[in-house]
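1. coordinates for the following, if possible.
(chains A, B, C and D)
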There are 2 protein chains.
Amino acid sequence: MALEHAILVSLLEKPGSGYELARRFERSIGYFWTATHQQIYRVLKRMESEGMLAVRTVPQQGRPDKKEYSAAAPGRAALAQWLHEPIEPESLRHDLAVKIRGAAFDDPASLIREVERHQQAHRDRLARYLAGELRDFTGPDAPAPLDAGQELQHVVLRGGIAQERMTIAWLDDVLATLHRLGRSTPTSTG
Amino acid sequence: MALEHAILVSLLEKPGSGYELARRFERSIGYFWTATHQQIYRVLKRMESEGMLAVRTVPQQGRPDKKEYSAAAPGRAALAQWLHEPIEPESLRHDLAVKIRGAAFDDPASLIREVERHQQAHRDRLARYLAGELRDFTGPDAPAPLDAGQELQHVVLRGGIAQERMTIAWLDDVLATLHRLGRSTPTSTG
DNA sequence: CTTGTCTATGCAACGAGTTGCATAGCAGGA
DNA sequence: TCCTGCTATGCAACTCGTTGCATAGACAAG
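-> Residues are numbered from 1 along each chain as shown, chains lettered A, B, ... in the order given. Here you go, the predicted structure:
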């Protein structure tokens, strides 16, 4: 399972608490993996008990203490081993595509608003990714020569950007199709 | 959950057995949803007990009997209701991206073969999708004017094609990055 | 004649992911 | 004063998804 490995990578990049990890999963890690705080806490606990992670309780001012996790040697070794194992190319799950095919048995035009809403969400995501790219990699405040870790983070971010651009363009195609069907066939319920 | 809805859509397009559905999930449905036969049988059983599906036992020659499922009125109604509810834009899970970011703590060059293997898998998938498009939608044997259902199937397939093309191009970018890092930084283990 | 593959359905166990809820201090606004 | 929201961690129950295994007849290759 890859949540373990995503956590190890994130902690190697920078140690942090469960809460902080949860926020990273909402942001930078979010464009290739998602996890809720409940999932993260549960996995952190298990990994700690297996000796993969080290913990340090950090007292804070005006805030609850936090447990700062970092990758221990066995965790690092487990990650290295996984990196050398082949994995299956992932299969996607796309709810909206199910809806689009299902629209043949309902009114296709009634899906237009939903598709537009999704397209807007993807536009918003793209804007965030592009802002992050400028801030961390291509803008004037970005480190001048990127190190290997930053180069790899950047190429993964470019993947997220390409994904969003592709999706936005495809949803244009979907919208055009739905409009076309709305004009020609009023209802096509089998 | 969308497996239920994917099954309803597929059975509305054409009734079939659990086994047949499993094969559809390997093929046409596979570019937007995946499921194993175990999952499908379990859900079919539950949906039948809930009255969403109708079953008919079909005796066959030289083969085991099959249970042919079709969507019943309550199933159709449940699908229609879901189609009118807004859903959350989906979040992806991309193991390979985890590996790419993890490569910063290992040898980036050792990932090249794995990335090439994935790229080849996506090329194969793209070839299958394009063959299917020619056969069902754009080739000489395709139905002359497509009906609404076929138009919608086609636009979803175009989404799958766009996805694969984007991924193949991005993996070129990844490979170029890994080669670049292999030349400049021998190992960059933090 | 045995092995393997295809059709066809299913159970059991486990691991991954989701949802709802609980606690608790601090800060800011109505 | 009360309500909302943020940081911070966690349990319990449930559903979803994966893996391994079992059954069973038909057919083809060796």
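
2. buried set for the lowest-mean-pLDDT helix or strand in chain A?
-> Ranked by mean pLDDT, DSSP states H and E, the weakest helix or strand in chain A is strand A:53-58, scoring a mean of 92. For strand A:53-58, a neighbour-count test (16 or more other CB atoms under 10 Å in any protein chain shown) marks A:Leu53 as buried. Backbone N, C-alpha and C define where each C-beta goes, glycine included.

3. do stretch A:121-134 as well
-> A:122, A:125-126, A:129, A:132-133.

4. again, but for stretch A:11-29
-> Buried, per 16+ other CB under 10 Å, within stretch A:11-29: A:11-13, A:15-18, A:20-22, A:24-25, A:28-29.

5. could you tell me which strands sit next to the least confident helix or strand of chain A in the sheet, and their orientation?
-> Its sheet considered, strand A:53-58 pairs with strand A:66-71 (antiparallel) by DSSP bridges.

6. among the buried residues of stretch A:11-29, which one sits closest to DNA strand C?
-> DNA strand C lies nearest to A:Phe25 out of the buried residues of stretch A:11-29, by CB to the nearest atom of the strand, at 10.0 Å.

7. what's the nearest residue to that closest one if we skip its chain neighbours?
-> Ranked by CB to CB, 6 or more residues apart in numbering or on different chains and with sequence neighbours excluded, the top spatial neighbour of A:Phe25 is A:Ala35, at 4.9 Å.

8. gap between that neighbour and A:Leu157?
-> Per CB to CB, to the nearest Å, A:Ala35 is found 19 Å from A:Leu157.

9. could you chop chain A up by domain?
-> A:2-83, A:95-184 (automatic domain parsing).

10. out of the ones you listed, which is closest to DNA strand C?
-> domain A:2-83 (3.9 Å).

11. off-centre distance for the closest one?
-> 16 Å (CA atoms, centre = their mean, to the nearest Å).

12. got it, and stretch A:150-159?
-> Centre to centre, stretch against its chain (CA atoms, centre = their mean), the figure for stretch A:150-159 is 13 Å.

13. residues making contact with it?
-> A:28, A:31-32, A:129, A:132-133, A:136-137, A:143, A:146, B:94, B:97, B:100-101, B:103-104, B:108, B:170, B:173-174, B:177, B:180-181 (CB atoms under 8 Å, 6 or more residues apart in numbering or on different chains).

14. now that stretch: average pLDDT?
-> Mean per-residue pLDDT for stretch A:150-159: 97.

15. and what of stretch A:70-83?
-> Summarised as a single mean, pLDDT over stretch A:70-83 is 95.

16. again with stretch A:105-117
-> 96.

17. please apply the same query to stretch A:18-27.
-> Here the average pLDDT along stretch A:18-27 is 94.

18. are it and DNA strand C in contact anywhere?
-> No: Stretch A:18-27 lies apart from DNA strand C when judged by CB under 7 Å from any atom of the strand; the minimum separation is 10.0 Å.

19. that stretch and DNA strand D in contact?
-> Yes: Stretch A:18-27 reaches DNA strand D (CB under 7 Å from any atom of the strand) through A:18-20, A:23.

20. give the buried residues for stretch A:135-148.
-> For stretch A:135-148, burial by neighbour count (16+ other CB under 10 Å) applies to A:136-137, A:148.

21. stretch A:163-175 too?
-> Applying a neighbour-count criterion of 16+ other CB under 10 Å, one finds A:163-168, A:170-171, A:174-175 buried in stretch A:163-175.

22. tell me which of the residues you listed fall in strands.
-> Residues of the buried residues of stretch A:163-175 located in strands (DSSP state E): none.

23. those residues: which ones sit near chain B?
-> By CB under 8 Å from any CB of the partner chain, the members of the buried residues of stretch A:163-175 lying near chain B are A:163, A:166, A:170, A:174.

24. make TSV out of those and add distance to DNA strand C.
-> Shown next, in TSV, are those (distance: CB to the nearest atom of the strand, whole Å):
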residue	distance to DNA strand C
A:Gln163	18
A:Met166	22
A:Trp170	23
A:Val174	24
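
25. B:Glu90: which of those residues is nearest?
-> Of all these, A:Gln163 has the smallest distance to B:Glu90: 11.4 Å, by CB to CB.

26. tell me the confidence at the closest one?
-> Per-residue pLDDT puts A:Gln163 at 96.

27. identify the residue spatially nearest to it, adjacent ones excluded.
-> Nearest to A:Gln163 is B:Met166, by CB to CB, 6+ apart, at 6.7 Å.

28. which two of the residues of stretch A:18-27 next to DNA strand D have the greatest separation?
-> Longest span within those, CB to CB: A:Gly18 and A:Arg23, 10.0 Å.

29. where do the contact lists of those two overlap?
-> Counting by CB under 8 Å, 6+ apart, nothing touches both A:Gly18 and A:Arg23.

30. for chain A, which helix is longest?
-> In chain A, assigned by DSSP state H, the helix with the most residues is helix A:148-184.

31. and the angle for it with helix B:148-184?
-> If you take axes from the mean of the first three to the mean of the last three CA atoms, to 10 degrees, helix A:148-184 sits at 170 degrees to helix B:148-184.

32. gap between helix A:148-184 and the chain center?
-> Remark: helix A:148-184 is offset 14 Å from the chain centroid, using CA atoms, centre = their mean.
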